[in-house]
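Q: Got a sequence here, can you model it:
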Amino acid sequence: MAEHWSGGQVTARAHCVLAPNPGPMTLDGTNTWVLVEPGATEALVIDPGPLDEAHLRRVLDHVEGRGARVVQTVLTHGHLDHAESAQRFAELTGAPTRAVGRGHDDLGDGDVLRAGDLELRVVATPGHTSDSLSFALPADHALLTGDTVLGRGTTVVAHPDGELAAYLGSLERIAALTGGGEVTTILPGHGPVVPDASAMVAFYRVHRRERLEQVRQALAEGAQGVEDVVERVYADVPRAVWPAARLSVAAQLEYLREVSGRGA
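A: Coordinates of the predicted model:
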C-alpha cells in the first residue's frame, strides 16, 4: 500500500490541497487541485471538495501565495466530497464553476479550458458516474482523473448512475492516452499521485475483468441478488467498503444482463 498522502506541489503546474475528509471511500481525503502556469497570475481549481470553510481558506491562501487569483473552478463530477463547496467557493472567488450538466457552461469532450497560458483539455470518462470527467494537462503529461482512477486501490461504479460498460470504455480511453505517451502521470481525486499512469490503468482493467469473472462464477454457483454476490466476491474486503461494493455489484449484474441480452 502506498504511504500516507498529504498533498503538496507535484508537478510544475499542479498543487494539491488535501481536504480534511479521510475515510474508507475518500482515502486520505479529497484532492483539491490548484493549477497555475509557472509565473502566471491566473489559477484554475479542480474539485473544491466538501463544504469546509477552513479547507477553502487553505486553497485560497495557496492561490494568493502564488500571487494569483482563481479564474475558473472545474468539477470532475457531482459527488459531494468533490463538489459540495462549489457554490460557496464561487462566492469567495467570483469565478465561474464548470461541469457537466450545469447549464450554458456545460463542459464537453475535447473542450479546452484556459487560465492564462495554462491549457487543460476535457476528456469525457463516464462510468463512475454519468457526469465523470477527466482533464488532460499536456504541459505536464498529466491526467486529472477525479474518481475514475484513484491513487490507491480501485474505484466504485456507482450504480445506477454509474455504468460498467461506460467505465470500461473510459479505462480504454485513458489507456490509449497513456500508451501514446500523452499521459505519464495521474493526478487522482483521492490518494497519492500515480507516477506510472500506464501501469495503473492496466491494473484497473485487469481488476475489472477479474471481478466480473468472479461475479459470473458466483452466479453460476447459485448466488441470488446483490447481497449474496457481495458476500461471496467481496468476502476478503473490509466491510466498511461493502456499501460501495454493493453499487459495483449492481452495476456488474446490469452489465451481464445487457451482454446476455445481446447474445454475447
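
Q: next helix or strand past the helix or strand harbouring Leu44?
A: Here Leu44 is covered by strand 42-46, with elements defined by DSSP states H and E. The element immediately downstream of strand 42-46 (helix or strand, assigned by DSSP H and E) is helix 53-65.

Q: what is the rounded mean pLDDT of that following helix?
A: If you average the pLDDT over helix 53-65, you get 98.

Q: which parts of that helix are buried?
A: Using 16 or more other CB atoms under 10 Å as the burial criterion, the residues of helix 53-65 that qualify are His55, Leu56, Arg58, Val59, Leu60, His62, Val63. Bear in mind the C-beta positions are built from the backbone N, C-alpha and C, glycine included.

Q: can you list the residues you listed in CSV and add distance to Arg173?
A: Output for those, formatted as CSV (distance: CB to CB, whole Å):
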residue, distance to Arg173
His55, 31
Leu56, 32
Arg58, 33
Val59, 29
Leu60, 33
His62, 31
Val63, 31
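
Q: remind me which residues of the stretch 101-250 of the chain are low pLDDT?
A: 102-105 (pLDDT under 70).

Q: helices or strands up against the lengthiest helix in the chain?
A: Longest helix in the chain, counting residues (DSSP state H): helix 197-220. Applying 3 or more CB pairs under 8 Å, 6 or more residues apart in numbering; DSSP states H and E, we find helix 197-220 packed against helix 164-179, strand 185-188, helix 225-233, helix 242-261.

Q: and the angle for that helix with helix 242-261?
A: 80 degrees (axes from the mean of the first three to the mean of the last three CA atoms, to 10 degrees).

Q: ok, residues contacting helix 197-220?
A: Helix 197-220 is contacted by residues 143, 149, 154, 164, 167-168, 171-172, 174-175, 177-179, 183-186, 194, 228-229, 232-233, 248-249, 252-253, 255-256 when judged by CB atoms under 8 Å, 6 or more residues apart in numbering.

Q: Grab the CA positions of that helix and hand them over as CSV.
A: In CSV, the C-alpha atoms belonging to helix 197-220 read as follows (Å, rounded to 0.1, in the frame of the first residue of the first chain):
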residue,chain,number,x,y,z
ALA,A,197,-0.1,6.0,-15.4
SER,A,198,0.1,3.2,-17.9
ALA,A,199,0.8,0.5,-15.2
MET,A,200,-2.1,1.8,-13.0
VAL,A,201,-4.6,1.8,-15.8
ALA,A,202,-3.5,-1.7,-16.9
PHE,A,203,-4.1,-2.9,-13.2
TYR,A,204,-7.5,-1.3,-13.2
ARG,A,205,-8.5,-3.1,-16.5
VAL,A,206,-7.3,-6.5,-15.2
HIS,A,207,-9.1,-5.9,-11.8
ARG,A,208,-12.4,-5.2,-13.6
ARG,A,209,-12.1,-8.3,-15.7
GLU,A,210,-11.3,-10.4,-12.7
ARG,A,211,-14.1,-9.0,-10.6
LEU,A,212,-16.6,-9.6,-13.4
GLU,A,213,-15.4,-13.2,-13.8
GLN,A,214,-15.9,-13.6,-10.0
VAL,A,215,-19.4,-12.3,-10.2
ARG,A,216,-20.1,-14.7,-13.1
GLN,A,217,-18.8,-17.5,-11.1
ALA,A,218,-20.8,-16.6,-8.0
LEU,A,219,-24.0,-16.6,-10.2
ALA,A,220,-23.1,-20.0,-11.6
